[in-house]
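*Asks:* Sequence isn't available, so here's the structure alone:
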């Protein structure tokens, strides 16, 4: 069991699989699929449509742009340098999943459940991210999330050192959501993020924006 240490207070479990025991496979991700203990690399799966399950899998250098999944169950999966741009992933159940240095511009994703999901150095600009429930943590680390829309229960979501310029929050809950270290230029919906954490510097830089959202008039 391997953990990723984020801080003294935050840590999460990493995907559990032995790379040496993964079988190289060519997977189309079309129709119904159920795969486990596989390694996919350099796959051309743009526009794939279907639903299925992946367990103990490594997916690298694969084009999944424009893919459409009606239901997706991910358990102990790592995506690396994968293109998810303009994809639509619905009814996603993710447990110990990582996304590294991947491109997901315009992604539409609905996470029914997320248990220790981690995304690092990814581009999610113009995405729509809906979260139903987080167990453990859902972490975005050094990601670009410009003009991204977040909806649903954002409790226990960590946005660390991310670009959230012109992003929008419309949460049903946000207790424990951590925005510290991220840029919040023209970020909308911060007044609805009850229970979220920001730094003193962020509070100062967003004061005018927050005041405007709650209906205050600012005059010299």
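*Replies:* It's in. All figures in this text were calculated on a predicted structure; none of them were measured in a lab.

*Asks:* how about the strands in this structure?
*Replies:* With strands called from DSSP state E, the chain shows them at 3-5, 11-13, 23-24, 31-41, 49-60, 68-80, 88-100, 108-120, 128-131, 134-141, 149-153, 157-160, 168-173.

*Asks:* Where does pLDDT dip in this structure?
*Replies:* For the chain, no stretch is flagged by pLDDT under 70.

*Asks:* can you count the residues close to residue 52?
*Replies:* If you count neighbours by other C-beta atoms under 10 Å, residue 52 ends up with 18. For every residue, glycine as well, the C-beta is placed using N, CA and C.

*Asks:* Check residue 220 too.
*Replies:* Residue 220 has 2 neighbours, counted by other C-beta under 10 Å.

*Asks:* now do residue 27
*Replies:* Residues near residue 27, counting by other C-beta under 10 Å: 18.

*Asks:* how about the residue of the chain most remote from its centre, what does it touch?
*Replies:* Computed with C-alpha atoms, centre = their mean, the maximum C-alpha offset from the centroid of the chain is found at residue 220, amounting to 40.8 Å. Under the criterion of C-beta atoms under 8 Å, 6 or more residues apart in numbering, residue 220 has no contact partners.

*Asks:* and the gap between it and residue 186?
*Replies:* Distance, residue 220 to residue 186, using C-beta to C-beta, to the nearest Å: 22 Å.

*Asks:* and what of residue 176?
*Replies:* Distance of residue 176 to residue 186, computed by C-beta to C-beta: 24 Å.

*Asks:* got it, and residue 209?
*Replies:* For residue 209, the distance to residue 186 equals 7 Å [C-beta to C-beta].

*Asks:* can you check residue 146 too?
*Replies:* Noted for residue 146: a distance of 10 Å to residue 186, by C-beta to C-beta.

*Asks:* What of residue 49?
*Replies:* Look at residue 49 and residue 186: by C-beta to C-beta, they are 35 Å apart.

*Asks:* Skipping adjacent residues, who's closest to residue 135 in space?
*Replies:* Among residues not flanking residue 135 along the chain, residue 115 sits closest, at 4.4 Å (C-beta to C-beta, 6 or more residues apart in numbering).

*Asks:* So what sits opposite the one you found in the bridge?
*Replies:* Here residue 115 sits in beta bridges with residue 95, residue 135, as judged by DSSP bridges.

*Asks:* ditto for the one 5 residues further on
*Replies:* Beta-bridge partners of residue 120, counted by DSSP bridges, are residue 100, residue 141.
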